[in-house]
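Visitor: the following block contains a protein sequence and its predicted model.
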Amino acid sequence: MGRRAKNKQSAPEPLEPKVWSTTKKLGKRKIDVDTDAKPSARPLKKVKDIDGSEKSIGALKHTTSQRGKAQKPGRIAVDSNADSADGWEDVEDEVRRKVWTNDELKVFTGDIDDLDAEGDDINSSLKGIAQEFDFDSDEETDEPQLISKRMKLKQSKRPSNVLTTGSDGFEMTEDETEEEEGRTTMANMEARSHALDARAAAEAKLAAEELQAAAGDEEHDTDMDGDSNGEGDMDVDPFHLPTDAERAAEKQSGGPDLHIIQKRMRECVKVLGKFSRLSEKGRSRSEYTDQLLSDIASYYGYNEYLAEKLFQLFPVAEAIEFFEANEIPRPVTIRTNTLRTRRRDLAQALVNRGVNLEPIGKWTNVGLQVFESSVPIGATPEYLAGHYMLQAASSFLPVIALAPQPEERVLDMASAPGGKTTHIAALLQNTGVVFANDANKVRTKSLTANIHRLGCKNVVVCSYDGREFPKVMGGFDRVLLDAPCSGTGVISKDTSVKINKSDRDFTLLSHLQKQLILCAIDSVSPESKTGGYIVYSTCSVTVDENEAVVDYALRKRPNVKLVDTGLSFGREGYTKYRGKTFNPSLNLTRRFYPHVHNMDGFYVAKFKVEKRSKVMETEDITMDVTQTLDLHDQPKPGDDIGFDSDEDRPYLEEAKRRRMKVKGLRPPPRSKLPLLPTKI
């Protein structure tokens, strides 16, 4: 016998026929009341069967017991609101049978004698409401099922087609449908696994085809110059770039609406992306760029100079993302103080106080990102005890790149308010010494407070101009220079940067940074056995304050070279920018952007200081002498080189005049000095 016929239900046992007194064939039927029987103490509740008729619970249990163990009743619904006087009694004389008619399963309730009829007699003797069963549905229903699933599939007619899912076109046969509906056993587990694998492969193939088709449509799509309306129709007029007269009229009228500016920015970006196809005839690319810059400045609140300077750093589409990211605040992050606690213990303590947090990333083992907090994150007992420091994620980067080792002498040239200094002290494990310097004495108060709160015992606080530090103290193993900058990477924190920066500010800051980085290099001891490293960092994204300064240091100090920062992420620094060519080793530096890394804009470069050789010093002296001599004044071979006092006197007097000015003395007037000879 096959698997389907093994548990085939046997024929029901014959019951004594019962003659009904009512002539109704459909609807509710009542049995004849036996007057000799004792009245029931309590009417039985009625239940609704799947054919719509009603039975008592006792009759249903009796009927089920007659069918055997192969058939179990489904979930039944008790109608507690039905009239109990109309309940069924002595339903043991009634039996439910199923009949196949026109390839459909019919369920009826009738007399046992009617089951001997054939063909139309059987159909005419149905006293219940016929119900069709849907075998094509894979969904589970909450309706009671009094016919076993195995018997249903055995007696039903095999479908002529296969079942398909409407989404992926994956076909399932009847046997697979049966296994899908049945319980998972050791016998069908392998088949189900293969079916699921085949379905996943089909879905992956369909997804790849859709992705490829979408890419092809995007590549060969028609140019949609107009915006679509609510019905999906395209505007007839393409994007029109305002002329100079129209722009002047807009400025006089107070400017257009922000929605109009945003729409125009989007259209300009689209045109600049496909300029040859989407641009208007007779309009140059610079006109679209100028219009986009003007809209960016008015929409985001920048002055035109800074908007153009930041716009030139990125492609057109990415520049809009950068400006948009500057309007969103960066996530709140904290740094665990390993001198006091561990990150796991700190996280558990803050979670118990109602703080929702998680680690920042794999690149740091002390950082935590705070999503929301029911308590002030800067006033918890853990914060007051010095277990953590409120610090931006980008401020972790220069200390990670510096990588200080225990027992080293480290200098932090611009240390306030102390986030990087205390991080260095924690990495040193309170060994060695850290000199925390800041030129502003007012800021050293907050620096000292944080040092005491976090328990850093190896820090010396001082206040000097960083440009004087090689004369004050030198011989450090490592130096961290977080130079003063324009703050173009932290616009989300300080929005005043948008309007208060000009060309003069960038020129002065760049000059100061070049002086500081040379002094930092001179403060490092080349003979250090464990160190000899300098990390230069800024919270700016402009090239003038980053790559230009680093390239200047490489040219002025030939005994230093750039090394890998040790940071596993970040974009490489520029080696070429708008016609300027920098040292090729600048690709070892790292840039961080708010729209890419979800942190403040930052720049990190790491130097290695080497010993100066005698050959290098000789080459430097020769280079300086050659640069001061004119090509016509260079001595020829065999010429006698001598000194003319009268010729050199004007130069000596001019040098003396400069020295007097430096000392604050008033030099004599130039009229009394001999004139310098002029070259012909």
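Guide: Sure thing, it's come through.

Visitor: hang on, P404 is in a helix, isn't it?
Guide: No - assigned with DSSP: H, G, I helix; E, B strand; the rest coil, P404 falls outside any helix and is coil.

Visitor: what about it, neighbour count?
Guide: 25 (other CB atoms under 10 Å). Where C-beta positions appear, they are placed from N, C-alpha and C, glycine not excepted.

Visitor: which ones are touching it?
Guide: P404 sits next to 410, 424, 427-428, 432, 477-478, 531 when contact means CB atoms under 8 Å, 6 or more residues apart in numbering.

Visitor: how near is it to T488?
Guide: Distance, P404 to T488, by CB to CB, to the nearest Å: 28 Å.

Visitor: next: F602.
Guide: Distance, F602 to T488, using CB to CB: 11 Å.

Visitor: the two: who's more crowded?
Guide: Between F602 and T488, counting by other CB under 10 Å, F602 is the more crowded of the two (28 against 23).

Visitor: I figured that one was touching Y536, is that so?
Guide: No - look at F602 against Y536 with CB atoms under 8 Å: they stay out of range, at 11.6 Å.

Visitor: mean confidence score for stretch 396-412?
Guide: Across stretch 396-412, pLDDT averages out at 94.

Visitor: that stretch: end-to-end distance?
Guide: Stretch 396-412 has an end-to-end distance of 14 Å (criterion: CA to CA, to the nearest Å).

Visitor: ok, now stretch 556-568?
Guide: Chord length of stretch 556-568, first to last residue, is 29 Å (CA to CA).

Visitor: use 42 as the first number for this chain going forward.
Guide: Right, with 42 as the first residue, what we last looked at is stretch 597-609.

Visitor: list of residues touching it?
Guide: With contact meaning CB under 8 Å, 6+ apart, stretch 597-609 is reached by 404, 438, 441-442, 444, 559, 562, 567, 574-576, 591, 594-595, 624, 626-627, 629-631, 645-653, 657, 661.

Visitor: avg pLDDT for it?
Guide: On average, stretch 597-609 scores 92.

Visitor: now that stretch: buried residues?
Guide: For stretch 597-609, burial by neighbour count (16 or more other CB atoms under 10 Å) applies to 598, 601, 603, 606, 608.

Visitor: quick check, I418 in a strand?
Guide: No - per three-state DSSP, I418 lies outside any strand segment and is coil.

Visitor: how far away is it from F437?
Guide: I418 sits 17 Å away from F437, taking CB to CB as the criterion.

Visitor: more neighbours: which of those two?
Guide: The residue with more neighbours, out of I418 and F437, is F437; 23 against 18, by other CB under 10 Å.

Visitor: tell me who's in contact with that one.
Guide: Applying CB under 8 Å, 6+ apart to F437 gives the contacts 376, 405, 407-408, 464.

Visitor: okay, and which of the residues you listed map to strands?
Guide: Applying DSSP state E to the contacts of F437, the entries found in strands are 376, 408.

Visitor: out of the contacts of F437, which end up buried?
Guide: Buried, going by 16+ other CB under 10 Å: 376, 405, 407-408, 464, out of the contacts of F437.

Visitor: want to throw these into JSON lines with distance to R240 and pLDDT?
Guide: JSON lines is the format used below for the buried ones among the contacts of F437 (distance: CB to CB, whole Å; pLDDT from 0 to 100):
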{"residue": "R376", "distance to R240": "48", "pLDDT": "95"}
{"residue": "T405", "distance to R240": "42", "pLDDT": "92"}
{"residue": "V407", "distance to R240": "45", "pLDDT": "94"}
{"residue": "G408", "distance to R240": "42", "pLDDT": "94"}
{"residue": "H464", "distance to R240": "52", "pLDDT": "96"}
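
Visitor: re the thing from before, tell me which entries of the buried residues of stretch 597-609 lie within strands.
Guide: Residues of the buried residues of stretch 597-609 located in strands (DSSP E): 601, 603.

Visitor: need the buried residues of stretch 597-609 in CSV (columns: distance to R326).
Guide: Output for those, formatted as CSV (distance: CB to CB, whole Å):
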residue, distance to R326
R598, 41
V601, 41
L603, 36
T606, 37
L608, 36
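
Visitor: now, the most widely separated pair of the buried residues of stretch 597-609?
Guide: R598 and L608 (23.2 Å; CB to CB).

Visitor: care to break the protein down by domain?
Guide: Using automatic domain parsing, the domain ranges for the chain come out as 42-386, 436-694.
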